[in-house]
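*Asks:* what follows is a protein structure lacking sequence information:
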């Protein structure tokens, strides 16, 4: 990330403030509770899981994430993202505000970001295990994974500049120096969002039922509705593609849920530009450091 503008912004600001760049990046990480986490009422179990796993919530921000920030966050991974995945991700950021937690942990042999990534659990639902945060919050789909965090210390600095401008980062760094526990703030914001955003089903069948009801109100969609009655993933995928092509007003959440089950999430067989770093990989790469 040495040539990445976002990384440079945070790194330069911390150095100019007199902070120890390596220590800051090693001791902190970020956790974004995405709109699907808000719909899934994930805040309270997340706060308790963080406490039980030795992570202190050092700062909290309620924020909207737009399509440009989404592309910046996953810039080095979305080279394999399908068009459909990008469409669904863009739809997801319209569902609700998100919540960003800045986490601190007393590090041992691993940076906080690397330790947290291992304990968070992988994106693929089948690979999540008891004890992982994502296993606790719900093993839904590849897309609906509820939370995001940076992979390594450099990525922490990079993502800070994606979320915040220079003035807001300065305020944030001041809060972090207080070394307070902001768990109560996180719970309050989660409760506020729960009052504003209804809980919804993550079930595929419920999404199908909702979309068929929507389509029944659109005269020109009769043929698509009949085809969807076949109940196959291909028919459901065609339904979504046709609705997008015609601009039909369908329930966004139902489209996201069904689409996450039946639409392709990646293209081709190429690899991500950058992948996540496991704790084992980090130890092997830094054993002499």
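*Replies:* Yes, it's here. From a predicted model like this one, the values you see are computed outputs, not experimental measurements.
*Asks:* make it CA atoms for all contacts and neighbour counts henceforth
*Replies:* OK.
*Asks:* could you pull out the strands for the stretch 1-150 of the chain?
*Replies:* Using DSSP state E, counting those that start in this stretch, the strands assigned to the stretch 1-150 of the chain run over residues 28-33, 56-63, 98-104, 147-148.
*Asks:* now do the first one: distance to the chain's middle.
*Replies:* Relative to the centre of its chain, strand 28-33 is centred 10 Å away, using Cα atoms, centre = their mean, to the nearest Å.
*Asks:* name the residues that touch that strand?
*Replies:* The contact list for strand 28-33 (Cα atoms under 8 Å, 6 or more residues apart in numbering) reads 42-43, 98-105, 111-113, 116, 146-150, 153, 156.
*Asks:* the inter-axis angle of it versus strand 98-104?
*Replies:* Interaxial angle of strand 28-33 relative to strand 98-104 (axes from the mean of the first three to the mean of the last three Cα atoms, to 10 degrees): 160 degrees.
*Asks:* model confidence over strand 28-33, on average?
*Replies:* Per-residue confidence for strand 28-33 averages out to 98 on the pLDDT scale.
*Asks:* just the longest one next, same as before
*Replies:* Summarised as a single mean, pLDDT over strand 56-63 is 98.
*Asks:* name the residues that touch that strand?
*Replies:* 50, 97-105, 172, 175-176, 179-183, 185-186, 189.
*Asks:* paired strands for that strand, with orientation please.
*Replies:* Each strand pairing with strand 56-63, determined using DSSP bridges, is listed with its direction: strand 98-104 (antiparallel).
*Asks:* also the shortest one?
*Replies:* Paired with strand 147-148 in the same sheet, following DSSP bridges, are strand 28-33 (antiparallel).
*Asks:* all the strands of the stretch 151-289 of the chain, in order from the start?
*Replies:* Using DSSP E, counting those that start in this stretch, strands in the stretch 151-289 of the chain do not occur.
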